[in-house]
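Engineer: Got a predicted structure plus its sequence, pasted below:
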Amino acid sequence: MTSSGTNAAGLTGSTAWELLLPAASAPARARGRALQAALRGAIRSGRLAPGTRLPSSRDLATDLGVSRGLVTEAYEQLTAEGYLRSGRGAGTWVGDAVRAARPGARDLAPRSPGTRADFVPGTPDLSLFPRAAWATAQRAVLAGLAHHELGYPDPRGLPRLRTALAGLLARRRGVVADPERIVVVSGVAQASALAGSVLHARGLRSIGVEDPGSPQHDGLYAAAGLGTVPLPLDEDGLALGPLRASGVRAVVTTPAHQYPTGIAYSARRRAELLGWARSVDGLVLEDDYDGDFRYDRAPVGALQGLDPERVAYMGSVSKSLAPGLRLGWLLVPADLTEEIVERKRTMDLGHPSLDQALFAHFLERGDYDRQLRRCQRAYRERRDTLVAALAGHFPEARVSGIAAGLHAIAELPERYGPEEDFVKRVAAAGVAVRPLSDCTHARTGDRGVRLVLGYAHLPPARIRAGVRLMAEALDG
């Protein structure tokens, strides 16, 4: 067959072998490997279908302008791997074992496509990521990293990072931080999975969660073998009566800034919660997801500082730097440390060493404190902008919760409801919002509208425009 001929099996030489031409043009030493890779790729992609007869080694070598030995070696290698089959005097064919791979790769990252204003909470302003300082830290770390530090790390994390984290958490969050009990994780989700799996191994089959609370908890703890028990809140925090009646011995809380209601647990409720944990030999898992961001006063210290043996403390850089970094920490009571560390070791053999060394350097130089101050200023301005915009377009709206974090609760009068219709109407105008009902197991029958509005990722102008679009959608 020549480059202008047609094979009896339907293979047209003028087009079928164009994909092999770059391989034939590769440098002489790499030409054989390039030809083999090109043939594999053509078979995997389906361009060479199962049952297709290939030209003889002599004809293909002539068409491509390469040696016959090069083609023969490629045929033999792919036959040995199962991509091709051949028989004496019968030629060479594409094998039947290969199935074409699906083209492309989907992106399943959570997004709100096609919106003019996205108030869905949970995302910081990723444009605030300190690229220049991060790049400087990366160069410094790569230059100074010892060879042995690129090996498998301590499953708890690099001692350098755990020491830096202990200093940060003690200074900023009032945590009792022993570096030996800090485990570096890939975010609060992994911290929850680790704690949940250890609790399950100890015989627990359920864990209490705040209601309303994070919609992610059910799936996270179910994967660890734990059922979730929704527990109601009152104005002080987790309601103690239902907690005691539930029979659970572990509970997940967000006491510094409850998600999503925005309240801070009162001092009395904090003490009562710890008293409950001691009375049932239980554990409180504290998710300090945005505890650094308080705008009207200094942040309330972490619950863990009051009783380090009854509270496992979880946090991450997802709200302060970027969730894509997948960096967080879990500080555990002494009697759980060994089991948590062993579970972390078997789960992934430890967090990436280079990322840990980079973050440690970032902490040690004070870059992380500077980043927190930068975010604090930006997010406070955006919360103020949201409150003012709501007051201008929805004068009867009530914004509840403390001035903190990356979201606010907006309560609108009953005439704007029902909630489901409100969400659909503003969505049609290109505005994405999350109703509070998405975060609760309870159904109150309230006909008003309560929204969890994220603002941190939106510039002030976009916040004002988004609230205006909501108002116009309801007036139309």
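Structural biologist: Ah, there it is.
Engineer: Tell me the pLDDT of residue 476.
Structural biologist: Per-residue confidence (pLDDT) for residue 476: 65.
Engineer: err, residue 62, not the other one
Structural biologist: In this model, residue 62 carries a pLDDT of 88.
Engineer: likewise residue 379?
Structural biologist: 97.
Engineer: Which element, helix or strand, includes it?
Structural biologist: Using DSSP states H and E, residue 379 maps to helix 367-393.
Engineer: again, but for residue 339
Structural biologist: Taking DSSP H and E as the criterion, residue 339 maps to helix 334-348.
Engineer: which secondary structure elements does that helix contact?
Structural biologist: On a contact count with 3 or more CB pairs under 8 Å, 6 or more residues apart in numbering; DSSP states H and E, helix 334-348 meets strand 182-185, helix 188-201. Backbone N, C-alpha and C define where each C-beta goes, glycine included.
Engineer: can you put these in JSON lines and add mean pLDDT, distance to residue 435 and mean neighbour count?
Structural biologist: As requested, these are arranged in JSON lines below (pLDDT from 0 to 100; distance: least, CB to CB, whole Å; neighbours: other CB atoms under 10 Å):
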{"stretch": "strand 182-185", "mean pLDDT": "98", "distance to residue 435": "31", "mean neighbour count": "26"}
{"stretch": "helix 188-201", "mean pLDDT": "97", "distance to residue 435": "23", "mean neighbour count": "22"}
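Engineer: if you average pLDDT over stretch 449-463, what comes out?
Structural biologist: Stretch 449-463 comes out at a mean pLDDT of 96.
Engineer: now the residue nearest to the spatial centre of the chain: how far from residue 473?
Structural biologist: Note on the chain: the residue nearest the mean C-alpha position is residue 323, at 5.6 Å, using CA atoms, centre = their mean. Distance from residue 323 to residue 473, counting by CB to CB, to the nearest Å: 30 Å.
Engineer: Equivalent analysis for residue 441, please.
Structural biologist: With the distance defined as CB to CB, residue 441 ends up 29 Å from residue 473.
Engineer: cool, residue 464 as well?
Structural biologist: In terms of CB to CB, residue 464 sits 15 Å off from residue 473.
Engineer: picking up where we left off before, which other helices and strands contact the helix holding residue 379?
Structural biologist: Helix 367-393 packs on helix 131-144, strand 398-400, strand 407-412, helix 460-475, going by 3+ CB pairs under 8 Å, 6+ apart.
Engineer: Tell me which stretches of the stretch 101-250 of the chain form strands.
Structural biologist: Residue ranges of the strands in the stretch 101-250 of the chain, as given by DSSP state E, counting those that start in this stretch, are 117-118, 182-185, 206-211, 227-234, 237-238, 250-253.
Engineer: Quick one: those strands as CSV, columns for distance to residue 469 too.
Structural biologist: What follows is those, written out as CSV (distance: least, CB to CB, whole Å):
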stretch, distance to residue 469
strand 117-118, 6
strand 182-185, 39
strand 206-211, 31
strand 227-234, 31
strand 237-238, 35
strand 250-253, 35
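Engineer: Compare those strands and give me the one nearest residue 338.
Structural biologist: Residue 338 sits nearest to strand 182-185 of all these, at 11.1 Å, using CB to CB.
Engineer: Quick one: name whatever helix or strand follows the lowest-mean-pLDDT helix or strand in the chain.
Structural biologist: Least confident helix or strand of the chain, by mean pLDDT, DSSP states H and E, is helix 13-16 with a mean of 48. Remark: after helix 13-16, the chain's next helix or strand is helix 21-24, criterion DSSP H and E.
Engineer: ok, and which of the helices and strands packed on helix 367-393 has the densest surroundings?
Structural biologist: strand 407-412 (a mean of 22; mean count of other CB atoms under 10 Å).
Engineer: Can you get me a residue count around the residue nearest to residue 19 when sequence neighbours are not counted?
Structural biologist: Excluding the flanking residues, the one nearest residue 19 by CB to CB, 6 or more residues apart in numbering is residue 42, at 5.5 Å. Neighbour count for residue 42, taken as other CB atoms under 10 Å: 19.
Engineer: which residues touch residue 42?
Structural biologist: 19-20, 48 (CB atoms under 8 Å, 6 or more residues apart in numbering).
Engineer: and it, which of the three is it?
Structural biologist: What DSSP: H, G, I helix; E, B strand; the rest coil gives for residue 42 is helix.
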